[in-house]
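Undergrad: Quick one: sequence plus predicted model below, questions after.
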Amino acid sequence: MPRSIFNATISFGLVNVPIKLYSATESKTVHFREVHEADGAKIEHRRIDPETGDVVPYDDIVKGYEVAQGEFVELSKEEIAAAAGEKTKRIAIDEFVPAGAIDPVFYEKTYYVGCREGGADAYRTLHAALAQTERAGIGHMTYHNREYLVAIRALDDVIALHTMRFADELVPGDELDAGEPEKGPSQREVKMAGSLVDALAAEFKPEEQRDTYRESVLAMIDAKAKGKQVVRAAPDEPAEETDLLAALQASVKGAKG
């Protein structure tokens, strides 16, 4: 049974829903420690004052924001906490928007929302309303001295809460140095590309997707732990440029075959 990480109350109108938040994701990334190659000892990272060379205790460290070259404005932990505003555990929903209208680029992290004692009826009512209207509630949440933009929506039999990025955190796509194409695609190329998309169409089944890189790293670790010699695979050769239409036609034929 997962442990809740935060207690709060979702409010919309005059309705209050006491809830608990649970992490909906779990990182499977392979983590490494830095060790000394000569003797296998773990490497320590210490906080050193570059002026004196002394180790600085954690309690003597404050946050500094660089306002000019080498010039910092220092803030204490208490000042940073005060800037975050009142430590409220109320998640006020300001509006309900079509869930499908939220571009996934705005989603940051996902949590499951569970109900606390006495909140079952309000929780189920909110879940049903979100599911039937296919809308998501947009509001704000204060967590760990930071304000988050959040969206709540029905996800299967539970409510999901997504922390979101603010609009000014997104980098406009038109700022990319992608270069201007010499000419647009021909109608024949677009039609053939559409045929390839149709030929490869499928239902999304996330359980069938595997992190092959992680599996390879773990297999390599297991082999080395057993004293086996690991042979590194040759890198892929860069793909050669091909005729776009011919490549599309061959791809469609292969997909259909």
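TA: Thanks, I have the structure now.
Undergrad: which stretches of this structure form helices?
TA: 77-83, 120-133, 187-199, 212-225, 244-256 (DSSP state H).
Undergrad: how much space is there between the residue most central in space within the chain and residue 89?
TA: In the chain, the centroid-proximal residue (C-alpha atoms, centre = their mean) is residue 108; its distance is 4.4 Å. To residue 89, residue 108 is 20 Å away according to C-beta to C-beta, to the nearest Å. (C-beta placed from N, C-alpha, C; glycine too.)
Undergrad: Where does the prediction get shaky in the stretch 101-250 of the chain?
TA: For the stretch 101-250 of the chain, the stretches with pLDDT under 70 are 178-179, 181, 236-241.
Undergrad: can you map out the strands along the chain?
TA: Here the chain has its strands, by DSSP state E, at 6-12, 15-23, 63-68, 71-75, 90-98, 107-115, 135-142, 147-155, 158-164.
Undergrad: ok, back up a step: would JSON lines of the helices of the chain with distance to residue 25 be doable?
TA: Listed next are these as JSON lines, based on distance: least, C-beta to C-beta, whole Å:
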{"stretch": "helix 77-83", "distance to residue 25": "27"}
{"stretch": "helix 120-133", "distance to residue 25": "20"}
{"stretch": "helix 187-199", "distance to residue 25": "29"}
{"stretch": "helix 212-225", "distance to residue 25": "15"}
{"stretch": "helix 244-256", "distance to residue 25": "32"}
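Undergrad: Which one of those lies nearest to residue 54?
TA: Each of the helices of the chain has some distance to residue 54 by C-beta to C-beta; the shortest is helix 77-83, at 21.7 Å.
Undergrad: packing partners for the closest one?
TA: Contact partners of helix 77-83 among helices and strands, from 3 or more C-beta pairs under 8 Å, 6 or more residues apart in numbering; DSSP states H and E: none.
Undergrad: avg pLDDT for it?
TA: Average pLDDT, helix 77-83: 78.
Undergrad: Tell me the gap between it and the middle of its chain.
TA: With C-alpha atoms, centre = their mean, to the nearest Å as the basis, helix 77-83 stands 26 Å off its chain's centre.
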